[in-house]
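> Model the following, please.
(chains A and B)
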Number of protein chains: 2
Amino acid sequence: MLKPFVVSVRMVIQDNVGNCLLVRRSATNTSNVGKWEFPGGKVDPNEEFYEALLREIKEETGLTVTVEHVAGVTESETSAVRIATLIFRGIIEWGEVRLSSEHDAYVWAPPKELSAYDLVAHIKSFVEENSDHKQLRQSCKE
Amino acid sequence: MLKPFVVSVRMVIQDNVGNCLLVRRSATNTSNVGKWEFPGGKVDPNEEFYEALLREIKEETGLTVTVEHVAGVTESETSAVRIATLIFRGIIEWGEVRLSSEHDAYVWAPPKELSAYDLVAHIKSFVEENSDHKQLRQSCKE
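This next block holds a predicted model:
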């Protein structure tokens, strides 16, 4: 079957000591309930990648962020679609974390501890590929 | 209209002094003839991103390469589809440049001179966004 592509945009948001924001999928979701992910979501029709990213981050975390650069690309699929997940690194402009109903917990995790969380598959493969954390800041001193 | 996504994978291949391989679209193409681009192309159904990338690079340049990391993401569209272009940085494992009929010229350009070429739109926006060349090696000494 020819599966159409969906593009998903997600962000690694790091605080001022280099910890990364992970959010946990709540029971309102139809899949991956209880798993951790970077905030973000699907690019809507007629919406640019960065526009989608800033909208999703605002909706899911309450934070206003700016995009620094792309940090990774992963692929996954469901029975109906192929998903290209574009993972960007970003920084917080202002705001404090306030979750939407899509998530029920959050944590600021040091890069080295990301793999200890029960991550959704497309985030897990990014974290594994970046186990040297080259694309992430290790601390605010770098 | 709801345009489906196409995912295209391209590679910035740098030689041992940091110059980047650009290839020029030949008259066999139906669009962008005479414009310069990084080698690469569309991900086929049931083909993984890296698999598509290595296949396209081999077909278009004769080179065997390895992927280092993603360097950029750009978006563009035609009247029928939206195109997500994923640009990876790679290194040559072995081989010498041998073009396919899709291209009629190639050049090894220093990162700072990339913008002087008549580039296809999705490459141009990457080069402009990376005018500080953070994602590219400036020389083999780095």
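
> Give me the buried stretch members for the helix or strand of chain A with the lowest mean pLDDT, please.
Averaged element by element with mean pLDDT, DSSP states H and E, chain A has its least confident helix or strand at helix A:121-129 (a mean of 89). Of the residues in helix A:121-129, A:122, A:123, A:124, A:125, A:126, A:127 count as buried by neighbour count, 16 or more other Cβ atoms under 10 Å in any protein chain shown. The way it works is simple: take the backbone N, C-alpha and C, and place the C-beta from them, glycine included.

> before we move on, what about stretch A:45-65?
Neighbour-count burial for stretch A:45-65 flags A:49, A:52, A:53, A:54, A:55, A:56, A:57, A:60, A:61, A:63, A:65 (criterion: 16+ other Cβ under 10 Å).

> The first one and residue A:24, how far apart?
Residue A:49 sits at a distance of 25 Å from residue A:24 (criterion: Cβ to Cβ, to the nearest Å).

> do the same with the last one
Distance check for residue A:65 against residue A:24: by Cβ to Cβ, it reads 19 Å.

> now residue A:58
When Cβ to Cβ is the yardstick, residue A:58 and residue A:24 sit 19 Å from each other.

> and if you look at residue A:86?
For residue A:86, the distance to residue A:24 equals 22 Å [Cβ to Cβ].

> The two: which has the busier surroundings?
residue A:86 (24 against 19; other Cβ atoms under 10 Å in any protein chain shown).

> Which residue comes closest to residue A:27 once chain neighbours are left out?
In this structure, residue A:27 finds its nearest non-sequential neighbour in residue A:33, 5.4 Å apart by Cβ to Cβ, 6 or more residues apart in numbering or on different chains.

> And for residue A:118?
residue A:35 (5.4 Å).

> Now find how far off-centre the one helix or strand residue A:71 maps to is within its chain.
Using DSSP states H and E, residue A:71 sits in strand A:64-77. Mean C-alpha position of strand A:64-77 versus that of the full chain (Cα atoms, centre = their mean, to the nearest Å) differs by 7 Å.

> so how far is residue B:82 from the closest residue to chain B within chain A?
Shortest chain A-to-chain B distance, computed as Cβ to the nearest Cβ: residue-wise this is residue A:5, at 3.9 Å. In this structure, residue A:5 lies at 9 Å from residue B:82, with Cβ to Cβ as the measure.

> re the thing from before, now the residue nearest to residue A:27. Its backbone dihedrals?
Comment: the main-chain dihedrals of residue A:33 come out as phi -60, psi 130, following degrees, to the nearest 10.

> Report the contact partners of it.
A:25, A:26, A:27 (Cβ atoms under 8 Å, 6 or more residues apart in numbering or on different chains).

> If you rank those residues by neighbours, which is first?
Within the contacts of residue A:33, most neighbours by other Cβ under 10 Å means residue A:25, with 19 neighbours.

> Centre of the chain to the lengthiest helix in chain A, how far?
Ranked by number of residues, the top helix in chain A under DSSP state H is helix A:49-61. Distance of helix A:49-61 from its chain centroid, counting by Cα atoms, centre = their mean, is 10 Å.

> re earlier: okay but the residue of chain A closest to chain B is in contact with residue A:84, surely?
Yes. The pair residue A:5 / residue A:84 is scored as a contact, 5.9 Å apart, by Cβ atoms under 8 Å.

> Now do the shared contacts for residue A:5 and residue B:82.
Counting by Cβ under 8 Å, 6+ apart, the residues touching both residue A:5 and residue B:82 are B:4, B:5, B:6.

> what about burial for the residues you listed, which qualify?
Judged by 16+ other Cβ under 10 Å, buried ones among these: B:5, B:6.

> Okay, and which of the shared contacts of residue A:5 and residue B:82 map to helices?
In helices, defined here by DSSP H, there are no members of those.
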